[in-house]
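# predicted coordinates and the sequence they were generated for:
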Amino acid sequence: MKAVVNATLVMKDHLIPGATVLMENGLISAFGKEKDIKVPENAEVIDAEGLYVGPGLIDIHTHAADNLWIFEEPEKTSRYMLSHGVTGVLPALYYNLNKAQYIKAAKDIISAYKAGIFPNFSGLYMEGPYLNPKFGCDREKNTWKGDIKKEDYAELIDTVKDYTKVWCIAPEREGIDAFVKDVCAVTDNPVFAVAHSEATPQQVEKYIPYGLKIGTHHTNATGTIFKYSECRGVCVDEAVNYNREIYAELISDKMGLHVDPYMQRLVRRIKGDDRIILISDQFVCDGPVPKGYEEATDIHFDHAGEIAGSGLTLDIACSNFMVHTGCSVCDAFRFASFNPAAVTGLKKQGCIREGNYADLVMVDDKFNVKKVIFRGEKL
């Protein structure tokens, strides 16, 4: 038995100051005001020192950590993310991998999880293979531009079907129907995301009944449809904003380059606090920082000067989002833990509740991570 005392517990929509959490066998066994929770005499006591204590962060969309590809270094990246409070992660596999590379990357990640060296693995995020080849970094390496054929994707689906939490699609791709239906045929309650796309709202909405629930890195790598030279059209971003069913992923970097701070505030107002998901979308790229962007320390650039994902960890994204939108610590935990768990069906993660995993992150008022507890063990 372990007990976290002197905590300011972060719940979904309120705080519990002067609180205690009891943990046993890696699970939360009780929590509440100190006066209501009796700490057993033999319990190991961890003093939270008045810090905010929230549920472990869940990054549903990141390719890398500490500038290392997750699929190449699952153990090192796992440890690094855990040190930043990320107790659940969905490694993203991207369309710059061909079929053999996709399958090997997935198998290597799954093997690392089964071997116990990637303990915070919570599923895969398939950012591809069938996205719009006009969008996203590393476009020149996309080998999935051609016709969508079952003989090309069947083995990939079969390899990852039991572990994938999110399947990304560009709804405008000709032949995507067959891919979506084949995923649905072998997966219970699949979650799809619209990604790297210039689909019309109607094309996006067509796949909501199939489980389309996420807008991948909202307002990034999406098209704009122009009908007339001075008339703004509607496209993917408008569809994500309009449809209540769809969660909006946001990359919140320090300078607000991925998503302008005003846009972050606007999307939050439109979508509401239960439909925002913060992601890191860290990528490995070593291009030089363009002149004038020296302060962009949490972004990566390619050698053409284009943004190539981030250098973020999810705790820093939370801190940035607090600065850009004025949201509270409580809100940030919702965007980086509760909402990601809700959309991906991670039932024992995402909130402080009896029976949930004892994954706790202690942060100060600026969301600096001070202590991490994973499955009841202090790291």
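That came through, no problem.

# could you use CA atoms for every contact and neighbour count after this?
Will do.

# show me where pLDDT drops low in the stretch 51-200 of the chain?
Along the stretch 51-200 of the chain, no part satisfies pLDDT under 70.

# pull the residues that contact stretch 125-132.
60-61, 90-95, 144-145, 148, 164-170, 172-173, 176, 195-198 (Cα atoms under 8 Å, 6 or more residues apart in numbering).

# gap between the two ends of that stretch?
Using Cα to Cα, to the nearest Å, the end-to-end distance of stretch 125-132 comes out at 17 Å.

# stretch 180-196 too?
16 Å.

# distance from the chain centre to that stretch, please.
Stretch 180-196 sits 17 Å away from the centroid of its parent chain (Cα atoms, centre = their mean, to the nearest Å).

# what comes up buried for that stretch?
180, 183-184, 187, 190-196 (16 or more other Cα atoms under 10 Å).

# and stretch 341-352, by the same measure?
So stretch 341-352, judged by 16+ other Cα under 10 Å, has buried residues 341, 343-344, 346, 348-352.

# any chance you could map the helices in the stretch 151-300 of the chain?
176-186, 201-205, 236-242, 261-271 (DSSP state H, counting those that start in this stretch).

# columns distance to residue 36 on top of the ones you listed, output as CSV?
Converted to CSV, those look like this (distance: least, Cα to Cα, whole Å):
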stretch, distance to residue 36
helix 176-186, 47
helix 201-205, 48
helix 236-242, 43
helix 261-271, 36
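
# okay, those, which one's buried deepest?
helix 236-242 (a mean of 21; mean count of other Cα atoms under 10 Å).

# quick one, phi/psi of residue 258?
The phi/psi pair for residue 258 (degrees, to the nearest 10) reads phi -60, psi -50.

# which residues are in contact with the longest helix along the chain?
Using DSSP state H to define each element, the chain has its longest helix at helix 99-114. By Cα under 8 Å, 6+ apart, the surrounding residues in contact with helix 99-114 are 70-72, 74-75, 93, 118-119, 121, 124, 152-153, 156, 159-160.

# residue 26 and residue 270, how far apart?
For residue 26, the distance to residue 270 - Cα to Cα - is 38 Å.

# for the nearest residue to residue 52 once chain neighbours are set aside, helix, strand, or coil?
Nearest residue to residue 52, sequence neighbours excluded (Cα to Cα, 6 or more residues apart in numbering): residue 8, at 4.7 Å. The local conformation at residue 8, judged by DSSP: H, G, I helix; E, B strand; the rest coil, is strand.

# returning to that earlier point: tell me which of the buried residues of stretch 341-352 is nearest to residue 204?
Closest approach to residue 204 among the buried residues of stretch 341-352 (Cα to Cα): residue 343, at 17.6 Å.

# verify the stated contact: the closest one with residue 215.
No - the criterion here is Cα atoms under 8 Å, and residue 343 misses it with residue 215 at 11.6 Å.

# need the residues touching each of the two.
Contacts common to residue 343 and residue 215, judged by Cα under 8 Å, 6+ apart, are residue 247.

# show the contacting residues for residue 119.
Applying Cα under 8 Å, 6+ apart to residue 119 gives the contacts 78, 113.

# buried ones in stretch 313-332, by neighbour count?
Neighbour-count burial for stretch 313-332 flags 313-322, 324, 327-332 (criterion: 16+ other Cα under 10 Å).

# distance of residue 96 relative to residue 144?
9 Å.

# skipping adjacent residues, who's closest to residue 330 in space?
residue 10 (5.8 Å).

# same check on residue 282?
Per Cα to Cα, 6+ apart, closest to residue 282 is residue 310, 4.4 Å.
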